[in-house]
Structures are given as C-alpha cells and as structure tokens.
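> 3D model of this:
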Amino acid sequence: MGAEERNRQETLHAIERLVNYALEQGLIDWWDVDYSRNRLLELFSFDEPFAGEVTEEVLTGPQEPLEILIDYGVSIGLIPEDTATYRDLLDAQIMGLLMPRPSETIAAFRRTETEQGIIAATDAFYKLSVDSNYIRMDRVRQNIYWEQPTSFGDMEITINLSKPEKNPKEIAMAKLLPPPVYPKCQLCRENVGYAGRINHPARQNLRVIPLTLNEEPWFFQYSPYVYYNEHCIVFHHDHVPMKLTRDTFKRLLDFTTLFPHYFIGSNADLPIVGGSILTHDHFQGGRHTFPLEKAPVEAVFSHSDFAGVTVGMVKWPMSVLRVNGQDREAVLEAADDLYEKWKQYSDPSVDVLAFSEEKGESVPHNTVTPIVRRSADGGYEADIVLRNNRTNEQHPEGIFHPHREMHHIKKENIGLIEVMGVAILPGRLKEELAGVADILSGDKTLYEETVSDPAARLAVHADWVKELAARVGISMAREDAEALLRDEVGSKFAEILGHAGVFKATTEGREAFERFVVSIGYRRQ
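The predicted model follows:
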C-alpha cells in the first residue's frame with residue numbers, strides 16, 4: 001500500500017472514529033449514523049466508507065480523529081492555507097455535520113429542564129458545547145492558572161492561551177476585508193451555523209437557547225473561551241448597543257430567577273471601563289465562585305425607602321456596594337437607585353467628577369459594573385461596582401484604569417471578569433515571564449540586553465527587571481525565580497484593581513466612599 005492510499009485509509013478510519021465518538025457522546029442518535037457518515041464522506045470527496053474493522057475505543061474528545069481529517073483536508077485543498085485560522089474553520093465545519101439542529105437542542109434543553117430541573121439542563125447543554133469542540137478544552141487546558149494570596153483574599157490569575165493567535169499574513173488579509181455586514185458581530189444570533197471567514201470565527205457547532213428576560217427575547221450560550229467554570233454569554237435577540245438602565249437590573253434578576261445556580265453580570269456601558277463589545281447588549285454568567293463573592297463586608301447600611309434591603313461596603317480594591325434582600329423588587333429598586341445617584345455624584349477631593357465639558361457638551365463619566373447572584377439563603381445579592389472613565393494628562397488611558405507602570409503586565413480594560421478577581425492576562429506573558437525568570441536565575445547577557453536595548457524582546461519589562469534585580473539579585477534558583485514572579489504578577493493584579501477603584505482602599509478613600517453612601521440616604525447600622 002502506497003503512502004497516498006495509507007493516508008486515504010487513515011482518513012476514512014478517522015471518519016468512523018469521529019462518527020462513533022459523536023454517537024457515544026449523544027451528539028447524534030443511532031438513526032443519524034449513516035446520514036452523518038455520508039455527510040463527512042461527501043465533504044472529503046469519498047465515494048464509500050472505511051471497509052476495515054474499527055476497534056472500540058473511548059475518546060475523551062474529538063481532537064485526534066479531527067486532526068487527521070483536517071490534515072487530509074489541507075492536502076486536498078479544502079482550505080487555502082495550513083494556518084490555525086483556516087484549520088479552525090474546517091474544524092467547525094466538520095463538527096457541524098455531527099450536531100443536532102438548533103431546534104432539537106432547544107427541545108432537549110426544555111425537556112431536561114422540565115423532567116430533571118435547570119441544573120441538569122445546563123449540565124447537558126454545557127457537555128454538548130464541549131463534546132462538539134465548540135468549547136476547545138484542549139486549548140483551555142493550556143491556560144496558565146494560579147491563586148495569589150493578597151490582602152483582599154486569594155485572587156485567581158490566568159494567562160490566556162486558549163485563543164489562537166493569527167499570523168501576520170492573516171492579520172494583513174483581514175484588514176483588507178470590508179467591514180462585516182453579516183453577522184454584524186460575534187454575538188449576533190445569526191452566528192449559529194455560520195461558516196466563518198478569515199476575520200470571523202466559524203460557528204457551525206454553536207447552539208443557543210432562547211430566554212425571556214424583562215419580557216424581551218434573549219439567548220443563552222456558552223463562551224468558546226471558558227475563563228471560569230461554565231462561562232456563559234446571554235445576548236439580546238437584536239444587534240442593539242449596550243446601555244445600563246433599570247431594565248438591565250431587571251434582566252439580571254430575571255436570569256438568576258431562571259438560573260439560580262448561576263451568577264450573571266454586565267460590563268459597564270462606557271468606553272475605557274466597559275467591555276470589548278459595546279455594540280451588542282450582552283451579559284456574562286456562569287457557575288463559579290469568584291474572589292469578589294468571598295470578600296467580606298466592612299460596613300453595613302440601610303435606607304428607610306428600601307425595607308428589608310442592606311447595602312454593604314465590600315473589602316475590595318475596587319469600590320463595591322453589595323445589595324442584599326429577599327424581595328427581588330426591593331433589591332431592584334435599591335440597585336437602580338444606587339446607579340442613578342452614582343451617575344450624578346462628584347467628589348473633587350478624590351478626583352471623582354461625574355461630568356466634564358467637551359466642545360460645549362456635558363459628557364457623563366460615572367457608570368457601574370453590576371453583578372447579580374442568589375444568596376445562600378435564597379435571596380438576591382447584587383454587587384454594584386462603581387466606575388468612572390475620566391482621563392487626564394497624567395493618565396490619558398484613564399484615571400481609573402491600569403496605570404502605565406502596569407502596562408507591561410496588563411493595559412487592557414478592566415472588565416467584568418477581572419472586576420470579580422480573575423485576571424485575564426495576555427498570552428505573551430508566558431514566554432516573557434520565562435525570560436525574566438532566566439534573568440533572575442543567572443542570564444546576565446539577557447539582563448544587559450533587556451535593560452539597554454529598547455528593541456529587545458523583554459524591553460517592555462526593563463524597569464521591572466532592573467527593580468527585581470536590585471531587590472533579589474540575578475542568581476536565584478530557577479524554581480524560586482518562577483515562584484517569585486507568580487507572586488509579583490498576582491500582587492500587581494491587585495494593584496491594577498486598585499487603580500480601577502474610584503474610592504481607594506485607604507483611610508481617605510474609605511471616608512470618601514462612605515460620604516457617597518450617606519449622601520444618598522443610607523445610614524450605617
């Protein structure tokens with residue numbers, strides 16, 4: 001048997017293995033086996049299936065047979081180039097042929113919810129998203145993760161390696177493409193089943209569940225880049241921009257009534273302090289206990305207008321008010337009142353200004369990052385994180401944003417996930433921190449290059465490297481250097497959250513924080 005025929009037989013065998021995997025995991029039913037096999041044979045231009053014996057096996061994921069099929073697809077020209085982006089497009093196309101239709105997925109979710117409850121329904125839906133390779137667990141497992149003790153509790157630090165990086169040629173090609181018309185963004189419902197392109201991911205293996213929040217149509221899906229357990233996205237039926245209003249709090253409370261085992265939160269709706277996608281209204285949720293949720297309350301307040309509701313100042317580097325109550329409507333009214341009062345509040349003594357004048361117009365700067373979950377006693381708990389997006393000459397990227405001395409670690413917006421104490425740090429840090437560890441464990445040549453050459457690969461860390469070398473030297477054991485860097489990065493993340501806090505975790509800052517709470521009618525208990 002020649003090499004070409006061996007390759008052909010291996011690919012046919014991979015089709016059988018993948019179909020068996022899909023059947024075993026419940027992606028398809030017994031009656032779908034022949035149909036699914038034929039769809040894959042058609043895709044790869046085969047006239048007949050594998051004729052040999054297929055050994056029984058238990059695959060924990062589809063990656064092994066998938067890689068064989070994608071390699072064969074490259075060899076016969078199914079994709080124009082053998083790059084990560086094009087391989088991902090073919091990956092989703094293959095798995096899309098082994099998926100239930102959207103209506104079948106929705107019907108199965110509703111049936112499980114009715115018969116076994118909402119937790120069983122989300123368990124099955126999450127499993128479908130993993131088994132179909134929509135959630136790339138093989139990549140998620142590559143993320144670097146550790147817990148970092150701080151004075152505010154243990155923060156969770158992640159270096160994100162799950163998103164494949166585009167090569168320079170792909171980036172250049174994407175820039176030449178016209179602005180997207182369909183789907184309008186990666187959150188639109190029209191992504192379900194979409195084939196994708198060089199500047200838009202394939203979504204043939206995406207499935208979504210319709211929801212009603214605040215008597216409006218929304219959808220529920222999982223994130224392909226799970227930053228925490230069962231990381232989900234809830235998005236509006238229509239491509240409408242994010243805007244925080246009383247309705248936002250109503251939607252969040254509605255969701256936690258439907259999904260009491262999940263938290264849900266919204267990014268802020270202003271640039272700098274907002275999320276990465278402000279053009280499509282959406283929330284993020286999941287089944288995870290974040291460091292913020294574990295943070296204690298330093299002072300408790302009550303208001304005569306909101307019976308049964310308490311508001312606590314949370315011990316956290318950002319400025320967080322925790323609203324608690326058994327009555328959902330009372331929590332809604334208290335949270336909305338806090339938000340509306342905060343939008344108008346200024347305290348120049350701590351650099352908090354609600355508005356500025358630009359070209360004769362009043363520009364708002366205050367907003368919030370709201371997070372809602374059910375409390376242990378079955379009530380409702382809302383963390384309202386106060387945000388301000390003002391800039392000045394010293395901090396042109398944002399006064400309450402990671403300051404420039406932190407940009408070598410993190411310069412992106414502090415969004416919802418990080419507000420709650422989970423750092424999403426850029427993938428570049430994996431190699432860069434390894435280089436800094438090399439320096440601290442004796443690489444003098446790399447040290448000299450880093451501190452003297454602005455074009456050096458570690459030049460972004462030059463100031464930090466000099467400070468570390470002065471403090472601990474450059475003759476540490478490798479393991480000790482790596483442990484030190486984990487501590488340093490984790491501590492810097494806590495500092496970054498402090499930069500984003502409008503009222504600082506100092507005596508002066510806490511006094512200013514309490515002034516705001518008292519100014520809107522609350523009294524300390």
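> The residue nearest the centre of the chain and residue 84: what is the separation?
Centroid-nearest residue in the chain: residue 227, 5.1 Å away (criterion: CA atoms, centre = their mean). Separation of residue 227 from residue 84 (CB to CB, to the nearest Å): 20 Å. C-betas here are computed from N, CA, C, even on glycine.
> What of residue 188?
24 Å.
> For the two, work out which one has more neighbours and name it.
Legend: neighbour count by other CB atoms under 10 Å for residue 188 and residue 84, higher for residue 188 (20 against 13).
> so how far is residue 95 from the more buried one?
Distance of residue 188 to residue 95, given as CB to CB: 21 Å.
> now do residue 258
28 Å.
> So between the two, which is more surrounded?
residue 95 (21 against 14).
> so what's that one up against?
62, 66, 132, 133, 134, 204, 205 (CB atoms under 8 Å, 6 or more residues apart in numbering).
> Is the nearest residue to residue 79 once chain neighbours are set aside part of a helix or strand, or is it coil?
Nearest non-adjacent residue to residue 79, counting by CB to CB, 6 or more residues apart in numbering: residue 86, 4.0 Å away. Under DSSP: H, G, I helix; E, B strand; the rest coil, the three-state class of residue 86 is helix.
> Could I get the full set of strands for the stretch 301-450 of the chain?
For the stretch 301-450 of the chain, the strands defined by DSSP state E, counting those that start in this stretch occupy 310-314, 320-325, 355-358, 361-364, 366-374, 380-388, 422-425.
> Could you give the average pLDDT over the fifth one?
On average, the pLDDT along strand 366-374 is 97.
> Just want the angle from that strand to strand 380-388.
160 degrees (axes from the mean of the first three to the mean of the last three CA atoms, to 10 degrees).
> For this protein, name the helix or strand with the lowest mean pLDDT.
Within the chain, no helix or strand scores below helix 168-176, which has a mean of 60 by mean pLDDT, DSSP states H and E.
> In terms of secondary structure, what does the very next helix or strand once past that helix contact?
Next helix or strand after helix 168-176 toward the C-terminus (DSSP states H and E): strand 209-213. Packing contacts for strand 209-213, counted by 3 or more CB pairs under 8 Å, 6 or more residues apart in numbering; DSSP states H and E, involve helix 102-116, strand 216-222, helix 246-258.
> Can you add mean pLDDT and give those back as a markdown table?
Converted to a markdown table, the helices and strands packed on strand 209-213 look like this (pLDDT from 0 to 100):
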| stretch | mean pLDDT |
| --- | --- |
| helix 102-116 | 98 |
| strand 216-222 | 98 |
| helix 246-258 | 98 |
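> Please name whichever of these is nearest to residue 439.
Closest to residue 439 of these, according to CB to CB: strand 216-222, at 40.0 Å.
> buried set for that closest one?
218, 219, 220, 221, 222 (16 or more other CB atoms under 10 Å).
> Can you list the residue ranges for helices in the stretch 1-150 of the chain?
Taking DSSP state H, counting those that start in this stretch as the test, the helices found in the stretch 1-150 of the chain are 3-24, 33-43, 63-75, 84-96, 102-116, 118-131, 137-140.
> among these, which is nearest residue 361?
Nearest of the helices of the stretch 1-150 of the chain to residue 361, taken as CB to CB: helix 84-96 at 41.8 Å.
> CA-only coordinates of the closest one in CSV, if you can.
C-alpha atoms of helix 84-96 as CSV (Å, rounded to 0.1, in the frame of the first residue of the first chain):
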residue,chain,number,x,y,z
ALA,A,84,-4.6,27.9,12.7
THR,A,85,-7.4,30.2,11.5
TYR,A,86,-8.2,28.1,8.4
ARG,A,87,-7.9,24.8,10.4
ASP,A,88,-10.4,26.2,12.9
LEU,A,89,-12.8,27.0,10.1
LEU,A,90,-12.6,23.4,8.8
ASP,A,91,-12.8,22.0,12.4
ALA,A,92,-16.1,23.7,13.0
GLN,A,93,-17.4,22.7,9.6
ILE,A,94,-16.7,19.0,10.3
MET,A,95,-18.2,19.1,13.8
GLY,A,96,-21.2,21.0,12.5
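> Okay, angle between it and helix 63-75 too, please.
120 degrees.
> Would you mind listing the buried residues in helix 84-96?
Here helix 84-96 shows 85, 86, 87, 88, 89, 90, 91, 92, 93, 94, 95, 96 as buried, counting by 16+ other CB under 10 Å.
> what residues are up against the second one?
Put plainly, it is residue 86. 79, 80, 198.
> Among those residues, find the lowest-pLDDT one for me.
Within those, pLDDT is lowest for residue 198, at 89.
> and the helices of the stretch 1-150 of the chain, which is most packed in?
helix 84-96 (a mean of 20; mean count of other CB atoms under 10 Å).
> That one versus helix 3-24: what angle between them?
Using the same axes, to 10 degrees: helix 84-96 against helix 3-24 is 60 degrees.
> what is the mean pLDDT for helix 84-96?
pLDDT averaged over helix 84-96 gives 96.
> Next: stretch 345-357.
95.
> Flag every buried residue along that stretch.
Buried residues in stretch 345-357, counting neighbours by 16+ other CB under 10 Å, are found at 345, 347, 350, 351, 352, 354.
> contacting residues around it?
Applying CB under 8 Å, 6+ apart, the set of residues contacting stretch 345-357 is 343-344, 362-366, 388, 390, 399, 502-504, 508-509, 512, 515-516, 519-520.
> measure it end to end?
16 Å (CA to CA, to the nearest Å).
> now do stretch 24-31
Termini of stretch 24-31 sit 13 Å apart (CA to CA).
> Turn the buried residues of stretch 345-357 into a markdown table, including distance to residue 113.
Formatted as a markdown table, these follow (distance: CB to CB, whole Å):
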| residue | distance to residue 113 |
| --- | --- |
| 345 | 42 |
| 347 | 47 |
| 350 | 48 |
| 351 | 48 |
| 352 | 45 |
| 354 | 43 |
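> So which of the residues you listed belong to helices?
Using DSSP state H, the subset of the buried residues of stretch 345-357 located in helices is empty.
> and which of those residues is nearest to residue 407?
Closest to residue 407, out of all of the buried residues of stretch 345-357 and judged by CB to CB, is residue 351, at 20.2 Å.
> ok, the closest one to residue 388 distance?
Counting by CB to CB, the gap from residue 351 to residue 388 is 9 Å.
> go on, residue 516?
12 Å.
> So between the two, which is more surrounded?
Counting neighbours by other CB under 10 Å for residue 516 and for residue 388 shows that residue 388 has the greater number, 27 against 23.
> From what I see, that one and residue 368 are in contact.
No. Using CB atoms under 8 Å as the test, residue 388 is too far from residue 368 to be in contact (10.0 Å).
> Quick one, which of the helices and strands packed on strand 209-213 gets closest to residue 452.
Of all the helices and strands packed on strand 209-213, strand 216-222 comes closest under CB to CB, at 47.2 Å.
> so which of the buried residues of strand 216-222 comes closest to residue 319?
Nearest to residue 319 among those, with distances taken as CB to CB, is residue 218, at 28.9 Å.
> Quick check: closest non-adjacent residue to that closest one.
residue 211 (4.6 Å).
> for residue 283, helix, strand, or coil?
strand.
> Now it: closest residue in space, sequence neighbours ignored.
residue 234 (4.4 Å).
> what about the one you found, distance to residue 406?
For residue 234, the distance to residue 406 - CB to CB - is 31 Å.
> From the neighbour counts alone, determine which of these two ranks first.
Between residue 234 and residue 406, counting by other CB under 10 Å, residue 234 is the more crowded of the two (25 against 16).
> Specify the angle between the helix or strand that one falls within and strand 216-222 in degrees.
Element membership of residue 234, judged by DSSP H and E, is strand 232-236. Relative orientation of strand 232-236 and strand 216-222, computed by the same axes, to 10 degrees: 160 degrees.
> where's strand 232-236 relative to the chain centroid, distance-wise?
Distance of strand 232-236 from its chain centroid, counting by CA atoms, centre = their mean, to the nearest Å, is 12 Å.
> Which strands and helices lie in contact with it?
strand 216-222, strand 282-286.
> Now do the longest one against helix 118-131, angle only.
Regarding strand 216-222 and helix 118-131, their directions subtend 60 degrees when assessed with the same axes, to 10 degrees.
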